[in-house]
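1. Got a predicted structure plus its sequence, pasted below:
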Amino acid sequence: MAEAERIIGTPDTPEDSGERASAPAPRTGRGRRIAVLFAVAAFAYALDLGSKLLVVAKLEHHAPIQLAGDLLELHAIRNPGAAFGFGAAFTIIFTVIAVAVIAVIVRLSRKLYSFPWAVALGLLLGGALGNLTDRIFRAPGVFQGEVVDFIAPRGFAVFNLADSAIVCGGILIVLLSFRGLDPDGTVHKD
């Protein structure tokens, strides 16, 4: 996991940190940042779980619901693979990846001093937990479950709120990285 921390810029020791263009942010409020991370994760997870329960109860095995003309519909499907239905034969691998992502995020939370990073990692954590819950508890079996997807924009793949949280968290991480802001609150220039 030290390699993952090195890649996204959270060194274990000051000697590993490399050159920094500015001083680190004050080390106050780490507990609040961790609380933000877990609050965002809990919100994203609850929203995803609730939406999937509603979709399975009310929409599965029924005709799709058209929204915004034909631009968007709610259409319940079960997806054994990853985004865009890729890798349907690798469900167990996606389960392992989700567990690894969750473990890395929890480990990174120890060094979290950045509010934007707390939000980004919270979105990733909530989304990963949402889809992992499907993989563990839905048919056809434990660690091989199919994810419930239901948001179907015209001409695009069907996805769910967990997928949206993961994508939004990933975009935020890319933006923060371009700005040079690290999870530990330091700002660097490359």
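-> In hand now; what should we look at? Numbers count the residues shown, from 1 in each chain.
2. buried residues in the host helix or strand of Phe38?
-> Here Phe38, judged by DSSP states H and E, is contained in helix 30-58. Residues of helix 30-58 classed as buried: 30, 33-34, 36-38, 40-41, 44-45, 47-49, 51-52, 55 (neighbour count, 16 or more other CB atoms under 10 Å). Placement of C-beta: from N, CA and C, glycine included.
3. Please name the nearest non-neighbouring residue to the residue sitting nearest the centre point of the chain.
-> Among the residues of the chain, Leu124 comes closest to the average C-alpha position under CA atoms, centre = their mean, at 2.1 Å. Nearest-residue entry for Leu124: Gly169, 3.9 Å, with adjacent residues in sequence omitted and distances by CB to CB, 6 or more residues apart in numbering.
4. For that neighbour, give me its contacts.
-> Going by CB atoms under 8 Å, 6 or more residues apart in numbering, Gly169 touches Val119, Ala120, Leu121, Gly122, Leu123, Leu124, Gly127.
5. Leu176 now?
-> The contact partners of Leu176, taken as CB under 8 Å, 6+ apart, are Ser114, Pro116, Trp117, Ala120.
6. Show the residue spans covered by the helices in this structure.
-> Ranges of helices within the chain are 2-8, 30-58, 91-108, 115-137, 161-179, based on DSSP state H.
7. and the last one, C-alpha only, in PDB?
-> Same thing as helix 161-179. Coordinates of each C-alpha in helix 161-179 appear next as PDB, following Å, rounded to 0.1, in the frame of the first residue of the first chain:
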ATOM      1  CA  LEU A 161     -25.600   6.100  -8.200                       C
ATOM      2  CA  ALA A 162     -22.500   4.200  -6.900                       C
ATOM      3  CA  ASP A 163     -21.000   4.500 -10.400                       C
ATOM      4  CA  SER A 164     -21.800   8.200 -10.400                       C
ATOM      5  CA  ALA A 165     -20.100   8.700  -7.000                       C
ATOM      6  CA  ILE A 166     -17.000   6.800  -8.100                       C
ATOM      7  CA  VAL A 167     -16.800   8.900 -11.300                       C
ATOM      8  CA  CYS A 168     -17.300  12.200  -9.500                       C
ATOM      9  CA  GLY A 169     -14.700  11.300  -6.900                       C
ATOM     10  CA  GLY A 170     -12.300  10.300  -9.600                       C
ATOM     11  CA  ILE A 171     -12.800  13.500 -11.500                       C
ATOM     12  CA  LEU A 172     -12.300  15.500  -8.200                       C
ATOM     13  CA  ILE A 173      -9.000  13.600  -7.500                       C
ATOM     14  CA  VAL A 174      -7.700  14.400 -11.000                       C
ATOM     15  CA  LEU A 175      -8.600  18.100 -10.600                       C
ATOM     16  CA  LEU A 176      -6.900  18.200  -7.100                       C
ATOM     17  CA  SER A 177      -3.900  16.500  -8.500                       C
ATOM     18  CA  PHE A 178      -3.600  19.000 -11.400                       C
ATOM     19  CA  ARG A 179      -3.800  21.800  -8.800                       C
END
